[in-house]
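*Asks:* Could you look at this predicted model? Sequence included:
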Amino acid sequence: MGPVASKRLKPYIGRQLKQMQCALAQEGTLAMQWIRVVITCAIFGLIMADRSAAQLSAQAAPAAHKEELSASTALLAAVQTEEKLGTHVFYTQRFIDQQNQWASYRGSVFGGLMDFKMKGCDLTINVTLQDIFTGTVGKQETGRQIDTYSYSLSLTLTREIADRLSLEEAPPAPLASNTHSICIERRSCSFEWLVVRSAKPVLWEKRVLNGFLDVNDATDRFQIPVSSAERGSALMAAIKALAADRCP
């Protein structure tokens with residue numbers, strides 16, 4: 001093919017080149033459009049994932065709050081039930097008192113959880129024992145007497161303290177073994193007690209007898225009178241649940 005024929009092909013080749021350039025340009029435009037679509041989808045996916053994470057976090061927070069509230073609510077319900085009940089026993093007793101005289105009494109002892117305060121893991125528990133009696137000392141009539149023992153326990157609840165909670169039976173202080181008490185309903189004259197213990201004396205106890213401060217000191221043991229072993233177990237379980245839920 002000579003020079004003349006080459007010149008004739010130039011316009012055709014030029015048109016083909018332009019068509020190819022247009023096609024490439026169109027393909028480039030389509031590629032860019034696909035890239036934009038992919039990027040947009042990726043960004044949208046990230047936004048939705050972030051929203052989902054935020055929603056899950058928002059749902060988890062109320063769930064945790066609800067669990068915390070349920071532990072607190074269960075404990076307060078157990079306390080309120082026990083506050084309405086308490087426990088008591090009727091007795092007679094005869095013994096030689098500190099003045100070496102025969103003392104003879106009959107009466108009743110009431111014990112109960114009177115007040116309960118909770119702020120986080122800080123608890124304050126108020127307990128009352130009341131001994132109402134009459135009798136004779138030597139040949140002297142005593143008339144009707146009332147001894148009121150008010151106990152207060154302040155502590156920061158921990159899982160270690162919760163794990164040491166227990167129930168036991170024992171007579172209240174006014175019916176100690178040296179008084180030789182005889183009780184009508186319970187021969188042992190015993191109350192059910194929820195016992196709070198700690199490895200070290202980190203429990204703070206106050207005891208007031210008939211309006212006068214008797215004890216104000218740290219201790220490693222405190223007893224709470226409960227109406228029954230069943231109620232005591234429920235109260236103990238509620239305290240343990242609270243400790244497991246929120247306390248160190």
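*Replies:* Yep, that arrived.

*Asks:* mind listing what the top strand by length along the chain pairs with, with the direction of each?
*Replies:* As far as residue count goes, and with DSSP state E defining each element, the longest strand of the chain is strand 102-119. The pairing partners recorded for strand 102-119 under DSSP bridges are strand 87-96 (antiparallel), strand 122-137 (antiparallel).

*Asks:* Dump these into a markdown table; add mean neighbour count and distance to Glu169 as well.
*Replies:* The C-beta positions use only the backbone N, C-alpha and C, and glycine is treated the same way. Formatted as a markdown table, the strands paired with strand 102-119 follow (neighbours: other CB atoms under 10 Å; distance: least, CB to CB, whole Å):
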| stretch | mean neighbour count | distance to Glu169 |
| --- | --- | --- |
| strand 87-96 | 17 | 11 |
| strand 122-137 | 17 | 16 |
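
*Asks:* Quick one: distance of stretch 167-174 to the chain centre.
*Replies:* The chain centre lies 26 Å from the centre of stretch 167-174; the measure is CA atoms, centre = their mean, to the nearest Å.

*Asks:* which parts of it are buried?
*Replies:* Neighbour counts over stretch 167-174 (16 or more other CB atoms under 10 Å) mark Leu167, Ala170, Pro171, Pro172, Ala173, Pro174 as buried.

*Asks:* After the helix or strand Glu192 falls within, which helix or strand is next? Please name it.
*Replies:* Per DSSP states H and E, Glu192 falls inside strand 191-197. Downstream of strand 191-197, the first helix or strand assigned by DSSP H and E is strand 203-209.

*Asks:* How about Phe110: which residues does it bridge to?
*Replies:* His88, Gln130.

*Asks:* Test my guess that it contacts Gln130.
*Replies:* Yes - the pair Phe110 and Gln130 passes the contact test of CB atoms under 8 Å, sitting 4.8 Å apart.

*Asks:* hang on, the earlier thing: where strands are concerned, which of the buried residues of stretch 167-174 count?
*Replies:* Per DSSP E, the buried residues of stretch 167-174 map to strands at Leu167, Ala170.
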